[in-house]
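Visitor: coords please:
(2 chains)
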Amino acid sequence: MSTTPSRRVGGLLVLLLATAGLVGTGSGAEAAPVTVNLCATQGSLSLPGPATPTIWGFSTTATSGDCGAATATLPGPVLNFDQGDVVTLNVTNALPGTRSLHFEIPGITFDPGPVEAASGATVAVTFTASAPGTYLYQSSGDAGRQTAMGLYGAMVVNSSTPNQAYGDATTAYAVQKVLVLSALDPDFNAAPDSFDLNDYTATYWMINGQSYPDTAGGINAAPNQRLLLRYVNAGFDNTTMALLGLHEHVVARDARLVPHAFDAAAETIPAGATEDAIVTMPASPAPPVAAGYALYNRQLHLTNGVLNTPTPAAGGMLTFIHP
Amino acid sequence: MAKRTPPLGLAVALVAATALTVAVQQDAGALPAGFPKTGMVCTPGSLAGGARTFNLIAKTGHIATPDGNSVFMWSYANADAPDNGAFQSPGPVLCANQGETVTVNLTNTLSEPSSVIFPGQDSPVTASGGSAGLLTQEAGASGGTVSYSFQASEPGTYLYESGSDPAKQDEMGLYGALVIRPSIGANYAYGADTQFNPAHEYLLMLADIDPALHHAVETGATYDFNALRDRYFTINGRSFPDTIQDNGSALLPTQPYGSLVRIQPNTPASTLPSLVRMINVGSSNHPFHPHGNHTTQIAQDGRTVARTEHFGETIGSGQTEDFLLRWEDQDHWNPANNPFPVTQPNYRNLTFKDGNTFYSGSPYLGYKGTLPTGTVSQNICGEWYFPWHSHALNEFTNFDEGFGGMGTLLRVDPPGGCFTVAASTSIVGGTLVGGNVSALAAADGSYYQVGPKTTNKTGNMTSGATTMTVASASGFPTTGQYYVRVQNEVMRVTGGQGTTTWTVARAQLGTAAAAHNGTLPVSALATDWTATFSGLPAGATNLKVTYTGRNCGNTTGTGCTAIASNLPQQTVSVCNFAVAPVGCPAATSPGWTTLPAPPAQPQAVGSTDVASTWSLPTSGTFVGASGSYKGQVKVLVHNQRWTAPNPTPFSTGGNFMQLVYDAP
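Guide: Numbering: from 1, shown residues only, chains lettered A, B, ... in the order given. Below you'll find the predicted structure:
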């Protein structure tokens, strides 16, 4: 899902973007009250293999509390707001069983009020999107088991300056890509309440809920374009992503500018953290392979599923930036 | 190249191979002639007109681990001399200069396609030959070839590794370091503010190994990559304590790279920092702890960063980080005249692990102390050791046994080198005025003071007599010719040395012969004393003698009467143990070799301390090699004074004497 910054008005457009996995609001020029309805439901994920593990995921709905038509996605839709938006999130817990959903966005202080939704109930959290940046939203209920099941997604707060990730001009970009990193153990997902977490062994490593080769669609950026990569590590592991053939300029972590931006060819995004890095595409791109510049998990999580084989097929957390 | 000792695990195979007179496992070369024992060793490849070429072979082999295991590995070998394709782990350290065109030709002898990728190289890497693979062009299995070429555009520390089947091939060991030196000079890491001491450039490449995977690959068995559990953790392909063995150690024929970091404190004459290049080619992020020290990070992934200081820094998988290390002996603590203002702990409250320690027995840099009975010291000259290791302590093990794994040592030698002070003194021409050998241990104003020997002559002596009878020859030289003074005449003793009847030549040094009747004092004109250093480690090099001393106008008492003119002439010599009589027993023994200039000798030394340092002569056996002289260095301090027409006596005070050397 590669996007250029969206500037849109009206509820209808919100719905359209929701279908595309992008939810947001605002004219960009002025802050506005925004309401997004989220449902947490059970669904399934399509992974190479093929595998279709059960997941719990967020999705958006037109009507608060009505999850009848909701389809769980992993990760959840990208919540896209403009700096200054006054946001209301109506989060409905339609998860199986009787469990409480605990909603949180690290780095965002909600207005006083409950953040838990009992089974079948809806909780409204409100906040002002005062600081631009890349955030992670998640449900940490069931002592984190809900996160591991897939209840997470990215939230982007657009800077009030168009085509800039932050107020600083060094964060200007032409195109951007949200990259939600996570991992999944189908055995856990099959028995989320009873699984012994000491036995947790992730076998699928995903970018935006997909493992290679499903990620082969990749990221597009034209020569000389500045490509903003918004990393969101929703997984359990500190994840080192390598970029082969280019450096990325790391400008922010956890939705705050770093004091000294730097160039990296392999960069570790801690579990639960976010990071913004800008790749400047060469004037004459010549990547090592036709697919483009590989962006991949350097911890070698590059396989799919349990593979008792002498030579595994390529998979896992791998995609390409296409010139 | 000479055959080296194989690891234990290969012993049986080696016996069989030798019997068949087929090629055995060759040395891990990658070490050009004259390689240093510690520090980074480059494989230079070949250079022709700005084009540098490396020829690599992807192949299989084994490494040894400290617990006695032998692990099957894949790696890159250097196809060129002196290695000629001998297996080594990790791959050779490829060094190039900024601006060069680097070509890497790969021949793949593995059973599946393989390749090389160059993370961090932003200049396009063009490939020729082979076939398209996942991340780059690949060389086919069992002999396929591919060639890569790129511009070394930016200086820095990089890695190279396999881009094929990376979950398997990178873990199996297909990795190595790539260093690009900046165009401003090889003694810079990056820009002008990154100059380092080229004698102290280190590479620490971290990796991890799951031997179960390696066994599965060796036997063609299946393996679940999700079950990866690393058991061995390496720096430059070795696990601790093998990491502190020298580069090219014969004990580790396929693991040529050591990782001991060895520095000296900065001094006013030597202010450049050391450079530590770190690379993590493993699949885990490794928190690396330069124990007891801060290191200054200057770069990541071949690009400079805002400097930060660390005593713990996670090197991410696939990352490189560069650090400058500077060690200042700020306080100059020493036990003699600048001791710690606190009481040191009692040994009974301390533990010396396994009775084996790198501690010198003294908390002072450059000093050795007494260790508890049964404790074996690995410490050579009072140097300090700090463990540098992964602070994920499961990685500081060899198959779960600690200490081991991802660890090495930082060795801090004393400023200027190891030093030792004299263990004993001996007067070979003179008489003790005061002090003992301990006065020479520090330049602290306490003196080992020696006066010219005196005795009495007896009987009457005409102006032409050539025989003189003395009360005692004790303290006078026992061989060789030497001067003595009786009243205002100087004579040269030419015979009867060591007895009480001397043969003398009269009217020496411009004096006039005269009759000397009755009992009169006889004084030597020189002082001669030796200092002996002991316990010098075999292989010590670059020896230097430092001596600080003076001469006084008085021969008794502890004061120093000034000498204004006709200063005594001082000559300091060192014993050549190759010349008989061995050990230079007398002041005039032929083995004494004057320490060569600078400073030139003899030197005029009066009542103000003169400090001098000499390097030892280049030829000769100045460190005793065998018997009771083993590990000894003997130094002779000779002072003589002649003032016509009325000779006046003097005494020699030694304030400080030490031997400085580079320990092995």
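Visitor: The residue of the stretch 1-150 of chain B found nearest chain A: neighbouring residues, count only.
Guide: The minimum distance from the stretch 1-150 of chain B to chain A, using Cβ to the nearest Cβ, falls at B:Pro124 (3.5 Å). Glycine gets a C-beta too; all of them are placed from N, C-alpha and C. Using other Cβ atoms under 10 Å in any protein chain shown, B:Pro124 has 17 neighbouring residues.
Visitor: and the closest residue to it other than its chain neighbours, what are its phi and psi?
Guide: Using Cβ to Cβ, 6 or more residues apart in numbering or on different chains and skipping the chain neighbours, the partner closest in space to B:Pro124 is A:Ala286 (3.5 Å). The phi/psi pair for A:Ala286 (degrees, to the nearest 10) reads phi -140, psi 70.
Visitor: Tell me which residues touch the residue lying closest to B:Gln640 once chain neighbours are set aside, please.
Guide: Once flanking residues are discounted, B:Gln640 sits nearest to B:Ala526: 3.7 Å by Cβ to Cβ, 6+ apart. Applying Cβ atoms under 8 Å, 6 or more residues apart in numbering or on different chains to B:Ala526 gives the contacts B:Gly429, B:Gly430, B:Pro452, B:Tyr482, B:Tyr483, B:Ala587, B:His638, B:Asn639, B:Gln640, B:Arg641.
Visitor: Mind putting those residues into JSON lines with distance to B:Phe225?
Guide: Formatted as JSON lines, the contacts of B:Ala526 follow (distance: Cβ to Cβ, whole Å):
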{"residue": "B:Gly429", "distance to B:Phe225": "79"}
{"residue": "B:Gly430", "distance to B:Phe225": "79"}
{"residue": "B:Pro452", "distance to B:Phe225": "84"}
{"residue": "B:Tyr482", "distance to B:Phe225": "84"}
{"residue": "B:Tyr483", "distance to B:Phe225": "87"}
{"residue": "B:Ala587", "distance to B:Phe225": "77"}
{"residue": "B:His638", "distance to B:Phe225": "75"}
{"residue": "B:Asn639", "distance to B:Phe225": "77"}
{"residue": "B:Gln640", "distance to B:Phe225": "81"}
{"residue": "B:Arg641", "distance to B:Phe225": "84"}
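Visitor: Among the residues you listed, which lie within strands?
Guide: Mapping the contacts of B:Ala526 onto strands (DSSP state E) picks out B:Gly429, B:Tyr482, B:Tyr483, B:His638, B:Asn639, B:Gln640.
Visitor: The spatially closest residue to B:Phe87 that is not a sequence neighbour: neighbouring residues, count only.
Guide: Leaving aside its chain neighbours, B:Phe87 sits nearest to B:Gly61 (3.1 Å; criterion: Cβ to Cβ, 6+ apart). B:Gly61 is flanked by 21 other residues according to other Cβ under 10 Å.
Visitor: got the residues of the stretch 151-300 of chain B near chain A?
Guide: Selection of the stretch 151-300 of chain B residues close to chain A by Cβ under 8 Å from any Cβ of the partner chain yields B:163, B:165-168, B:170-171, B:216-217, B:220-227, B:283-285, B:300.
Visitor: For stretch B:391-401, what is the distance to the chain centroid?
Guide: 29 Å (Cα atoms, centre = their mean, to the nearest Å).
Visitor: Report whether it contacts chain A.
Guide: No - using Cβ under 8 Å from any Cβ, stretch B:391-401 stays clear of chain A, coming no nearer than 11.8 Å.
Visitor: Report the buried residues of that stretch.
Guide: B:His391, B:Ala392, B:Glu395, B:Phe396, B:Thr397, B:Asn398 (16 or more other Cβ atoms under 10 Å in any protein chain shown).
Visitor: could those be laid out in JSON lines, adding pLDDT?
Guide: Converted to JSON lines, these look like this (pLDDT from 0 to 100):
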{"residue": "B:His391", "pLDDT": "96"}
{"residue": "B:Ala392", "pLDDT": "95"}
{"residue": "B:Glu395", "pLDDT": "96"}
{"residue": "B:Phe396", "pLDDT": "96"}
{"residue": "B:Thr397", "pLDDT": "96"}
{"residue": "B:Asn398", "pLDDT": "96"}
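Visitor: I appreciate the help and will end here.
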